[in-house]
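> All I have is the shape, not the residue letters:
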């Protein structure tokens, strides 16, 4: 089911003006604080009435300013996972989960998927932050929504808790029955989860498209932030070397050696490679400690306002993104079209940057 | 205690309980509406609800007499339609007590509703719950301690109501002679009156008992919710 969204809404200092489509899978709305992310999903949920626009889910019109249509939140069949769990304190976990009518059919599946089967009789006050948020996700999911909205569901958790929950969110995505609109300002989460990204800046969608394309586009680096920008490689796990604690991935440009033991041989993984972790070389380097040297060609170069240049690279059929200094680019005389080498330290890729596809 | 004193106490209890039980749902509705909704006439409703708190009780009693007396606009209608007479009856005493207790009850309930996070109600709406269902399943259970407090406060106020009651329904033994009226009447007679001591002691005991009961109930509710 597809969400079609046209939206105008005035704020004190800027205007939200948006025209986007979100289909199956996870669509992430990424942008800095105050860029209008929460406003968008509150409008989709019906908790906020935008100044103008139209919101349609499948063939149901949820909001149409011109036709004066505004379906009540309770009639929209849109699930909402808020930043904080918002569990009902006077009900057990089980009572919360079954609050939505008809929430019985997939109860066992959802409870199992989210790993909350041990918590059913507890009160929300006795849950940890991560547990409570999982229950909140289950509660929204059990209302059998046409779409699930998630408003920075991990923002209130510490990194350890986030890493606990992310695999559940991946499972939820792969569960595949509900399209998800995921709002976040954490590129790590977005890169792991989203199939599509909408980059939002001051109320406008400045880039949108498949996650790998958007993240590999040098023009997006300024908005994502030079330290968080980085492309996504799709790779197949082909081997594990327990003696070294390293695993071998096959990418379209060659083998990649990375630390960790992230699953079964044969499985496909998405690997996020931060632009700042890539070193470029014109000739194939030897005698270096970095384990990965990939032959790449330069597809584009975008100079930033600061000392950096975003270099778009093509490696096999995948795209990579590197960030180097303007000085290096000058000294090396780098230009689009050149065949060069991208060097990646194995240890630069954190385990949380390797995720299920 | 003499049978006369017993009848005074029994009447007071009956008047106060009836006043509290009938006023409570109304106070919940008004307190909830004032806390949660912005509507035209909000200030009018708020003002009317609080009027008995700031008016001299005698004035409130007089207004009740004008409105609900046998020839009053509402009084005549009530008598013609339902055959109900309020003036100089114990039902009128209950009305006066209820009206006087109303602002206190509304305030207590409004505070309780204000303390319920509207984000929970929002979450319930996104789960498909109607306004009524949200109120019954989320808001109401969470304000139960506040409602209990309002009930006790209202009951205590009703037990002690004097000015509006004596103006509206006088102090007729067996019909409208409540504890405060009886104390006042006894004090008009020169000399020591053992009945006054008894009634004063009973008033204190009733008020205190109500407080203890409400605290215990509220604690039980809170424990049940955690």
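All right, it came through fine. Quantities reported herein were computed from a predicted structural model and do not represent experimental measurements.
> pLDDT of stretch A:47-62, averaged?
Confidence over stretch A:47-62 (mean pLDDT, whole number) is 94.
> Could you count how many residues lie near residue B:120?
Look at residue B:120: counted by other Cβ atoms under 10 Å in any protein chain shown, it has 18 neighbours. Where you see a C-beta, it was placed from the backbone N, CA and C, and this is true even at glycine.
> swap in residue A:114?
Neighbourhood size, residue A:114 [other Cβ under 10 Å]: 24.
> what's the distance between it and chain B?
Going from residue A:114 to chain B by Cβ to the nearest Cβ, to the nearest Å gives 16 Å.
> Wait, that residue touches residue A:139, no?
No: contact criterion Cβ atoms under 8 Å: residue A:114 and residue A:139 do not qualify, at 10.0 Å.
> What helix or strand is residue A:299 located in?
Assigning secondary structure by DSSP states H and E places residue A:299 in strand A:292-303.
> Which helix in the chain has the most residues?
Looking at chain A here, since you left the chain open. helix A:159-175 (DSSP state H).
> I was after chain B.
helix B:3-36.
> Any residue of it touching chain A?
No: shown here: helix B:3-36 not in contact with chain A (Cβ under 8 Å from any Cβ of the partner chain), separated by at least 15.0 Å.
> Let me see the residues that make contact with the helix or strand that comes right after that helix.
Under the assignment DSSP H and E, the closest C-terminal helix or strand after helix B:3-36 is helix B:42-54. Around helix B:42-54, the neighbours that count as contacts under Cβ atoms under 8 Å, 6 or more residues apart in numbering or on different chains are B:30, B:33, B:34, B:60, B:99, B:100, B:102, B:103, B:104, B:106, B:107, B:164.
> Could you do stretch A:43-57 as well?
Around stretch A:43-57, the neighbours that count as contacts under Cβ under 8 Å, 6+ apart are A:1-10, A:16, A:18, A:39, A:42, A:61-66, A:70-73, A:76-78, A:80, A:146-147, A:149, A:181, B:122, B:125-126.
> From those, keep the buried residues only.
A:3, A:5-7, A:9, A:16, A:18, A:39, A:42, A:62-65, A:71, A:73, A:76-78, A:80, A:146-147, A:149, A:181, B:122, B:125-126 (16 or more other Cβ atoms under 10 Å in any protein chain shown).
> Going along the chain, name the helices of the stretch 1-150 of chain A.
A:37-45, A:93-97, A:107-113, A:129-142 (DSSP state H, counting those that start in this stretch).
> Please state the mean pLDDT value computed over stretch B:124-133.
95.
> so how far is residue B:142 from whichever residue of the stretch 151-300 of chain A sits closest to chain B?
Nearest residue of the stretch 151-300 of chain A to chain B: residue A:151, at 11.0 Å (Cβ to the nearest Cβ). Going from residue A:151 to residue B:142 by Cβ to Cβ, to the nearest Å gives 23 Å.
> repeat for residue A:148
Residue A:148 is 26 Å from residue B:142, by Cβ to Cβ.
> again, but for residue A:185
From residue A:185 to residue B:142 the distance is 32 Å (Cβ to Cβ).
> low pLDDT regions in the chain?
No chain specified, so I'll use chain A. Applying pLDDT under 70 to chain A flags the ranges A:103, A:262.
> Chain B is the one I meant
B:225-226.
> Mind putting the contacts of helix B:42-54 into JSON lines with neighbour count?
JSON lines is the format used below for the contacts of helix B:42-54 (neighbours: other Cβ atoms under 10 Å in any protein chain shown):
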{"residue": "B:30", "neighbour count": "21"}
{"residue": "B:33", "neighbour count": "18"}
{"residue": "B:34", "neighbour count": "21"}
{"residue": "B:60", "neighbour count": "23"}
{"residue": "B:99", "neighbour count": "24"}
{"residue": "B:100", "neighbour count": "27"}
{"residue": "B:102", "neighbour count": "25"}
{"residue": "B:103", "neighbour count": "20"}
{"residue": "B:104", "neighbour count": "21"}
{"residue": "B:106", "neighbour count": "28"}
{"residue": "B:107", "neighbour count": "18"}
{"residue": "B:164", "neighbour count": "26"}
